[in-house]
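Using only what follows, build the 3D model:
(one chain, ligands or ions: 1)
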Amino acid sequence: MAEIQYKHSITVEEYENLRKSVGWRPIERAQAQIGINNSRYITVATVNGQAVGMARLVGDGGYVNVICDVIVREEFQGQGIGKRLVLSLLEYIREGLSAGQSSIVYVMAAKGKEPFYESLGFVPRPADTLGCGMTQWIDK
Ligand SMILES: CC(C)(COP(=O)(O)OP(=O)(O)OC[C@H]1O[C@@H](n2cnc3c(N)ncnc32)[C@H](O)[C@@H]1OP(=O)(O)O)[C@@H](O)C(=O)NCCC(=O)NCCS
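Below you'll find the predicted structure:
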């Protein structure tokens, strides 16, 4: 099995290709580049120099964190890469905390991917005291 390596930068082309590989809608390139530039932390899995997975952290630098663009190319799924990608973001958040501080981490699970996030400690919503996560796209 080829060796998997991890890095913390991504080109806009790698980002576009990973999104395309799982059938997600294209993001206009300039907008995608701004998103990359403004991410707090990005972890990318590579095999032979090729990006095969990614996870991206955005947030306010305070206590609010959002995990997005968690992608592993289909042929590399089921090998623990997705888990390592998300764990690296969680570790980054934990390392940034001082004693007594807390951070919340939000993620919007794709349909059927809830168990993946539950295995990483996320609590599904709605729950007894938590409403649904909600989203909308704004197009122009
Ligand atoms: C979701 C995704 C990132 C998971 O990546 P992966 O590398 O295949 O996941 P891993 O091999 O690290 O799996 C980690 C754990 O989650 C579980 N898991 C992964 N995908 C799962 C699924 N669809 N349903 C149930 N459990 C799942 C694994 O069994 C494993 O459990 P374990 O730790 O008990 O062994 C990958 O399937 C993917 O890219 N899908 C398409 C894009 C997508 O939907 N991303 C999520 C957006 S919110």
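
Identify the bridge partners of Val44.
For Val44, the beta-bridge partners are Lys7, Met54 (DSSP bridges).

So Gln33 belongs to a helix, correct?
Yes. Counting by DSSP: H, G, I helix; E, B strand; the rest coil, Gln33 falls inside a helix.

wouldn't it be in contact with Val12 here?
Yes. Using Cβ atoms under 8 Å, Gln33 makes contact with Val12 at a distance of 4.9 Å. All C-beta atoms are positioned from the backbone trio N, CA, C, and that covers glycine.

Of these two, which one has the most company?
Val12 (17 against 14; other Cβ atoms under 10 Å).

Check which element follows the helix or strand hosting Arg84 along the chain.
Secondary structure from DSSP states H and E places Arg84 in helix 81-96. Under the assignment DSSP H and E, the closest C-terminal helix or strand after helix 81-96 is strand 104-107.

Flag every buried residue along that next one.
105, 107 (16 or more other Cβ atoms under 10 Å).

Kindly report the same for stretch 39-48.
Under 16+ other Cβ under 10 Å, the buried positions of stretch 39-48 are 39-47.

Can you tell me what sits against that stretch?
Stretch 39-48 is contacted from outside by 2-10, 14, 36, 51-59, 61, 65, 72, 76, 81, 84-85, 88-89, 92, using Cβ atoms under 8 Å, 6 or more residues apart in numbering.
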